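Trainee: Generate coordinates for the sequence data below:
(one chain, ligands or ions: 2)
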Amino acid sequence: MQLWSSPEWLTLNQGCLLWWPDAFAGEADYWLAQLSRDIPWQQHRLTMFGREVNEPRLSCWMGEWAYRYSGRERAPVPWHPLVKAMAERLESICGQPFDGVLLNLYRNGNDSMGWHADDEPELGRNPTIASVSLGATRRFLLRHHSGEQQELWLEHGSLLVMAGEMQHHWRHALPKMVRTQGVRINLTFRRSARQA
Ligand SMILES: O=C(O)CCC(=O)C(=O)O
Ligand SMILES: [Fe+2]
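Mentor: Residues are numbered from 1 along each chain as shown. Ligands and ions are numbered 1, 2, ... in the order given. You can find the predicted model right below:
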């Protein structure tokens with residue numbers, strides 16, 4: 001049995017992923033407790049079939065620039081020192097700095113994220129997006145435009161980095177898992193191409 005893993009590159013058709021299931025196993029409990037307590041979680045609205053509804057999760061945009069996605073602009077909240085320290089750890093793993101992070105709080109298995117690509121112009125052409133998961137394990141789906149699908153289970157303390165041309169050819173989603181009781185926090189660290 002393998003007790004401790006190291007990062008592994010997964011090469012996909014037109015994209016690549018760095019997958020490290022227990023990257024932050026030692027810190028994950030502390031991070032989950034601190035972030036659950038300290039982050040100013042917000043309920044945002046989205047437009048679906050012409051109607052305004054609550055997003056099925058809470059979120060918070062943090063960092064150094066305003067982010068325009070899903071047709072809305074989000075002003076950032078200032079860095080939380082713990083999240084800033086996480087960004088620095090990720091910089092040493094990924095070899096590039098991160099100056100913004102979207103935090104999502106999935107309160108239970110009814111919370112989710114629909115199919116999308118992280119392809120906003122602010123992120124530049126082939127963005128590297130580093131995703132840290134804390135709390136309940138959830139299923140993460142990737143779908144290539146040819147229809148090919150991949151699945152990963154994002155565990156407490158895991159790191160998934162999406163890199164290369166992925167965001168042009170693949171979309172991803174976090175489907176509902178109604179039997180999941182626990183809370184999950186996910187942080188996707190990003191870099192603004194405009195300020196680079
Ligand atoms: O919660 C996740 O693992 C996915 C989050 C995501 O795709 C995003 O924030 O863009
Ligand atoms: Fe995403």
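
Trainee: Neighbours of the residue of the chain found nearest ligand 1, how many?
Mentor: The minimum distance from the chain to ligand 1, using Cβ to the nearest ligand atom, falls at residue 186 (3.4 Å). Backbone N, C-alpha and C define where each C-beta goes, glycine included. Neighbour count of residue 186, defined by other Cβ atoms under 10 Å: 23.

Trainee: do you know how far the nearest residue to residue 70 once chain neighbours are set aside is from residue 54?
Mentor: Leaving out its chain neighbours, the residue that sits closest to residue 70 by Cβ to Cβ, 6 or more residues apart in numbering is residue 46, at 5.9 Å. Distance of residue 46 to residue 54, given as Cβ to Cβ, to the nearest Å: 8 Å.

Trainee: more neighbours, the two?
Mentor: Taking other Cβ under 10 Å, residue 46 and residue 54 do not tie; residue 46 has more neighbours (14 against 10).

Trainee: Test my guess that the residue of the chain closest to ligand 1 contacts residue 106.
Mentor: Yes - the pair formed by residue 186 and residue 106 meets the contact definition of Cβ atoms under 8 Å, at 7.3 Å.

Trainee: intersection of neighbour lists for the two?
Mentor: Counting by Cβ atoms under 8 Å, 6 or more residues apart in numbering, the residues touching both residue 186 and residue 106 are residue 174.

Trainee: tell me which residues in the host helix or strand of residue 36 are buried?
Mentor: Using DSSP states H and E, residue 36 maps to helix 28-38. Across helix 28-38, burial judged by 16 or more other Cβ atoms under 10 Å covers 28, 31, 32, 34, 35.

Trainee: any bit of that helix sitting next to ligand 1?
Mentor: No - legend: contact between helix 28-38 and ligand 1 by Cβ under 6 Å from any ligand atom is lacking; minimum distance shown is 13.5 Å.

Trainee: on contacts alone, who are the packing partners of that helix?
Mentor: Here helix 28-38 touches helix 81-94, strand 129-135, strand 184-190, going by 3 or more Cβ pairs under 8 Å, 6 or more residues apart in numbering; DSSP states H and E.

Trainee: Starting from it, tell me the next helix or strand along the chain.
Mentor: Downstream of helix 28-38 (by DSSP H and E), the next one is strand 45-48.

Trainee: Near ligand 1, which residues of this structure are found?
Mentor: Counting by Cβ under 6 Å from any ligand atom, the chain sits next to ligand 1 at 102, 104, 113, 118, 131, 140, 154, 172, 174, 186, 188.

Trainee: For the third one, grab the count of nearby residues.
Mentor: Here the count is done by other Cβ under 10 Å, and residue 113 has 19 residues near it.
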